[in-house]
Every structure is written in structure tokens, then in C-alpha cells.
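[1] Okay, sequence plus prediction incoming.
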Amino acid sequence: MPAEQFTHTSEETRMQSEVSLLFYGREDCAPAHCWGPGLRDAFILHYIHSGRGLFRSEGREYPLGPGQGFLILPDTLVHYEADPEDPWVYVWVGLRGLQVRALLERAGLTAGSPVYTAADRPPFERFYAGLLEAREQPGGDLLAQAEVYRLLAALVGGAPPTAVRPGAPPRAREAHLSRAAAVIENGYSRKLGAEDIARAVGLDRTYLSSLFKDAYGVPLQTFLLQYRMRRARELLHNPSLSVSDVARSVGYPDPFLFSKMFKRVCGVSPSAYREQPEP
């Protein structure tokens, strides 16, 4: 039976983190147990402890066994099923964040190459137990985040030295995206535009915007707008802040412009959103 655990990380923290832990779990699969075909909205990394199964993604099939794993990418049609004679036991972790895609690509994991073999198995064998243990400790959210970074480090460290694989960006692109993300995280509450971000990173605005389009599916200006509005949604649940306070807090000194942009992105006005129950 699955034993899925969800973190208690706030939306604000998840939104600002480069790598955010969403959920994790373990399943001792019944023979021929399957999921899909279907889509998920997060990066979900699986690791197989024992048994065997089949993973299908992008029209390709991957027979997998102990010490191997597979990655589900957001909005990618996948199907996976346990072997009818030797069903697999696997653990999984769901991730989201500004740098998740780039870090996984450093490990050679892309839509065209979504499987891996653990070069050093112990970090993969124990990370689920580490997450369960972290949950019970003071500062458990920070300890769990450390476990996630250990896992990603093991993936990157075990990647074949000949990869970057097809479709993975060069390291320079990852560095540009990381610097741009830091500029956004630290400056979204001030007057900050796409040109300012590009200047801070030292790149042409059009080129940097194309990197964001490739990595996140939207150009830089749209990414910045969506980031601000996600932050605004969180702040609007604070009754001590007026709409004008929220507007200034996400970089809009003009509350009327803020309301216009908020409605464009979220479909309702800030005041109407504030009346909705907090998720």
C-alpha cells in the first residue's frame, strides 16, 4: 500500500525556493500494479528498491529493476506498471522550484532520457527513511530539504562524465538561470523589470528570455509577473495588509495597475480573491 507523506511547507516558501519538497512516499506494489497513462504537475523522482517493472514515456519503454529509477516530468504523458511475477518496491519524491529542471538535467535526466542507474546506491536506499526521520525532528522542514539536496547531489555526482545528454543545456545556461532566479527572488518587491534582470546577469534581454522560455515554458517577463502574483496571492490572505500594501510588497506602487495585472493572471480581482477561503 502507498504511504505518501506531504510536507507542511507553506506556499510562500515553496514559491521562493530553488528546490521545494512537495511530497514523498513508498509503495510495495501488487503484481501488475500500474498507473497511467496520465500527466502529473510536478517533477516526481522514483527509485526502485527491489523487483522489476516497466516505465513508458514519450513513446519509449524502459524495463527497470533494483538500483534504477525514473523521472516523471510535469505535463508529460507516462505509464508505469509492476512486473506480474516480481513486482517492484519503489519510493518517490515530488519536487518543484526554480532550479529543479536544471539540476535534474545536470544529472542527465530529461524528457528524452528519463531513467537512471544509481552509481552509489546507499544515498538512494536511505533517503526515504531520512525524510521520515526528519519529519519527527525540530526543524524537520530544513532537515528534509537537506535530504533532498543530498539526493540531487548523488544524482549529479553519478551522472556519466560524457553527458550533458541531448536536450540538456550547457552549464553556463544553468548558471545564467540561477543568477536570474536569485535576482527575481531578492528584487521582486522593488521596481524590477526584465531589462534590469538581464543587466544584472550580464546577458541580452532577448537571449535571457529565451532561456526562461526553454526552461520554464514562459518568457522572462511572464515568469516575473507570475512570480509576483503568486506572492501576492499569499499576502492577500493576511488580513492586516490592505490591497495597496500587497501591491507595494510585490513591486507595484500603483494599486490600480496591480489590480489589473492580478486579474489578468488570476482571473479575479485582489479583493474578490481575498474573500475566497485560504487553501
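    Arrived safely.
[2] what about the residue nearest to residue 140 when sequence neighbours are not counted, how many neighbours?
    Nearest residue to residue 140, sequence neighbours excluded (Cβ to Cβ, 6 or more residues apart in numbering): residue 134, at 4.9 Å. All C-beta spots, glycine's among them, are computed from the backbone N, C-alpha and C. Neighbours of residue 134 under the rule other Cβ atoms under 10 Å: 20.
[3] and residue 134, what does it touch?
    By Cβ atoms under 8 Å, 6 or more residues apart in numbering, residue 134 lies in contact with 140, 143-144, 146-147.
[4] Mark which of those are buried, thanks.
    Using 16 or more other Cβ atoms under 10 Å as the burial test, the contacts of residue 134 include 143-144, 147 as buried.
[5] Show me those that map onto helices.
    Among those, DSSP state H puts 143-144, 147 in helices.
[6] with the residues you listed in mind, which one is nearest to residue 57?
    residue 147 (25.6 Å; Cβ to Cβ).
[7] I figured the closest one was touching residue 126, is that so?
    No - the criterion here is Cβ atoms under 8 Å, and residue 147 misses it with residue 126 at 9.0 Å.
[8] of all the contacts of residue 134, which comes closest to residue 258?
    residue 144 (34.3 Å).
[9] got the contact list for the closest one?
    7, 21, 131, 134-135.
[10] ok, 6 Å please
    21, 131, 134 (Cβ atoms under 6 Å, 6 or more residues apart in numbering).
[11] Could you single out the nearest of those residues to residue 103?
    For the contacts of residue 144, the nearest to residue 103 is residue 21 (13.3 Å; Cβ to Cβ).
[12] before we move on, what SS does the closest one have?
    strand (DSSP: H, G, I helix; E, B strand; the rest coil).
[13] What of residue 271?
    Relying on three-state DSSP, one would call residue 271 helix.
[14] Now for it, how many residues are close by?
    Counted by other Cβ under 10 Å, the residues lying close to residue 271 total 11.
[15] got the domain boundaries for this structure?
    Here the domain assignment for the chain is 5-157, 171-275, based on automatic domain parsing.
[16] Using CSV, lay out these together with mean pLDDT.
    Converted to CSV, the domains of the chain look like this (pLDDT from 0 to 100):
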stretch, mean pLDDT
domain 5-157, 85
domain 171-275, 89
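[17] related to what we said a few turns ago, CA atoms of the helix or strand hosting the residue nearest to residue 140 as CSV?
    Counting by DSSP states H and E, the element that carries residue 134 is helix 121-135. Provided in CSV are the C-alpha atoms of helix 121-135 (Å, rounded to 0.1, in the frame of the first residue of the first chain):
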residue,chain,number,x,y,z
ARG,A,121,23.2,3.2,-4.1
PRO,A,122,23.3,4.0,-0.3
PRO,A,123,22.1,7.6,-0.7
PHE,A,124,19.1,6.4,-2.7
GLU,A,125,18.4,3.4,-0.4
ARG,A,126,18.1,5.6,2.7
PHE,A,127,16.7,8.9,1.5
TYR,A,128,13.0,7.9,2.2
ALA,A,129,13.9,6.8,5.8
GLY,A,130,15.8,10.1,6.2
LEU,A,131,12.7,12.1,5.2
LEU,A,132,10.5,10.1,7.7
GLU,A,133,13.1,10.7,10.4
ALA,A,134,13.4,14.4,9.6
ARG,A,135,9.6,14.8,9.9
